[in-house]
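Here is a sequence with its predicted model. Questions after.
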Amino acid sequence: MDEAGWKVGADGIREKDGLKLAPRVLFTQVAYFPRVSEAIQGYMRKIGIDWKIVGFDSTIAPAEMGKQDYELWTVTVPYLSAGDLMNIYFNSRNIPTPNRMNWNDAETDEWLRAGRAALTDADRALNYVRVQEKVMNEHLWMPVMNVAMYTTSSKKVKGVRPHMLYQNTFYKGLDYSFSWTRSSRSAASRPISARIAACSAPSTASASACRAVVPSAWSANPAAARA
């Protein structure tokens, strides 16, 4: 930054041509965002940047960001494919939201289009790698942290595996099965999909199978449970 002309002033903040290096940074007041924002602010102060953080409640944050009165903003990127993520955030058609960087680049748009239309994995990867390299070289985003997600289960639940869809690790649960008491094992150990099918057919539904799927509803109204 010294070489670029941003010199540290008497107050410890860098400035250039009378302008303080003090970007306005927006974040949403949810989860760990405030703590992360405050930590970054502290790190930036150490190198002479007055990182001005402004937090908004999630109910008004989109409207505030829509005013475009900021230099930086924070976002949590869910578990998406690289192609889905880049088409959402870096396509010029998505200005002003969710492309809040106002990134309008014909080359990026063309590579995204080619990636979406690719018929082979190799062609898709080639175009999306080009987009990734360009947006990172332009410093449109600054990765800060990776949030780990976990799936936990009881030993009674079989077939558990994480499905990394958006910000969830659970997807329908149709591949799960359960082991309950010995008396109900024959029904309860069957896959959920099979037991739901059994409950949807009143002529063949068994009490133990339907109780395993909808225990509270069955106890109150077996007919409603089957429905």
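Right, received. Where do you want to start? Numbering: from 1, shown residues only.

how many neighbours does Val131 have?
By other C-beta atoms under 10 Å, 25 other residues sit near Val131. Every C-beta, even on glycine, is put in place using the N, C-alpha and C of the backbone.

which residues sit in contact with it?
Met86, Phe90, Thr108, Trp111, Leu112, Gly115 (C-beta atoms under 8 Å, 6 or more residues apart in numbering).

List just the nearest of these to Phe170.
Met86 (26.0 Å; C-beta to C-beta).

Pull up the per-residue confidence for the closest one.
Residue-level confidence at Met86 comes out at 94, pLDDT.

What of Ala220?
Value for Ala220, per-residue pLDDT: 39.

before we move on, what about Gln29?
Value for Gln29, per-residue pLDDT: 90.

The one 3 residues further on now?
Taken from the predicted model, the pLDDT recorded for Tyr32 is 84.

Thr74 versus that one, what's the distance?
From Tyr32 across to Thr74, the span is 11 Å (C-beta to C-beta, to the nearest Å).

The two - which one has more neighbours?
Shown here are Tyr32 and Thr74; by other C-beta under 10 Å, Thr74 has more neighbours (17 against 11).

can you tell me which residues contact that one?
Val25, Leu26, Phe27, Thr28, Phe33, Val36, Ser37.

let's see 7 Å
Shown in contact with Thr74 (C-beta atoms under 7 Å, 6 or more residues apart in numbering): Leu26, Phe27, Phe33, Ser37.

SS state for the first one?
This means Leu26. strand (DSSP: H, G, I helix; E, B strand; the rest coil).
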